[in-house]
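Colleague: quick check, what structure comes out for this input:
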Amino acid sequence: MTWLISKDDHREALAEIEQTKSDRATAIVAATFLEADLRNALEARLREDEKIIKKLFKPTGPLGPFQNKAELAYLMGIYDAGIRDDIISVASIRNMFAHVVKPLTFHTREIGKLCRGLRIVDSDPYPQIPGRGLPDELRSPPRIEPNASLRERFILSIKLITIALWAASHDHVLGPDGRAKRKWMGEQPS
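Modeller: As a prediction, this is how the structure comes out:
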């Protein structure tokens, strides 16, 4: 499994990550993808009121900042404190790349420290996509190699957090018959 995606625009953005050598582009695009999935996970558990949701999630709204969404999802029980901390680290890494003009890489001291602190890549149990009939090799990315780069550690963390968000959201959107009762990540209810 490379990336858990269901929207065409996400596929194109993630193809850009796979092709670029730019740490800055990788960090910004991958974290933006994760933030969108986090918002989807939150919205899947909220009452459907488009006007209020739009107001809360606008950039200047209370749920506009990435960190605020991460903390709310933790408080709602979507994931544990470890994933919350990793998401906050990803948001910090993204913000450094987005707002610092000087050249940065995943090996820049502050960014490297945050990447080394990402815990989900070392977690046990390892996040897996739930589902019947899905081959094991497609349920989760392989474990990180001991000599993996900080860039690889960052990307794998985002892949695994996305799986955790997907699993938590699907637990919520699937009815007792296993059929979708609400949309998530562009899927259509059956």
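Colleague: what is the helix or strand that contains residue 166 packed up against?
Modeller: Assessed by DSSP states H and E, residue 166 sits inside helix 150-173. Identification of packing neighbours for helix 150-173 by 3 or more C-beta pairs under 8 Å, 6 or more residues apart in numbering; DSSP states H and E yields helix 23-43, helix 81-99, helix 109-116. Backbone N, C-alpha and C define where each C-beta goes, glycine included.
Colleague: closest to residue 61 out of the ones you listed?
Modeller: Each of the helices and strands packed on helix 150-173 was scored for nearness to residue 61 using C-beta to C-beta, and the closest is helix 23-43 (11.5 Å).
Colleague: for that closest one, which positions count as buried?
Modeller: Neighbour-count burial for helix 23-43, counted by 16 or more other C-beta atoms under 10 Å, picks out 23-24, 26-31, 33-43.
Colleague: figure out which of the helices and strands packed on helix 150-173 is closest to residue 155.
Modeller: With C-beta to C-beta as the yardstick, what comes closest out of the helices and strands packed on helix 150-173 is helix 23-43 (6.2 Å).
Colleague: export that closest one to CSV, keeping only CA atoms.
Modeller: Extracted in CSV, the C-alpha atoms of helix 23-43 (Å, rounded to 0.1, in the frame of the first residue of the first chain):
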residue,chain,number,x,y,z
ASP,A,23,11.6,18.5,1.3
ARG,A,24,9.6,21.8,1.4
ALA,A,25,7.0,20.6,-1.2
THR,A,26,6.8,17.2,0.4
ALA,A,27,6.1,18.6,3.9
ILE,A,28,3.6,21.2,2.8
VAL,A,29,1.6,19.0,0.4
ALA,A,30,1.6,15.8,2.7
ALA,A,31,0.6,17.8,5.8
THR,A,32,-2.1,19.6,3.9
PHE,A,33,-3.5,16.2,2.8
LEU,A,34,-3.4,15.0,6.4
GLU,A,35,-5.1,18.1,7.6
ALA,A,36,-8.0,17.6,5.1
ASP,A,37,-8.4,14.0,6.3
LEU,A,38,-8.4,15.2,9.9
ARG,A,39,-11.2,17.6,9.1
ASN,A,40,-13.1,14.8,7.3
ALA,A,41,-12.8,12.6,10.4
LEU,A,42,-14.1,15.4,12.6
GLU,A,43,-17.0,16.3,10.2
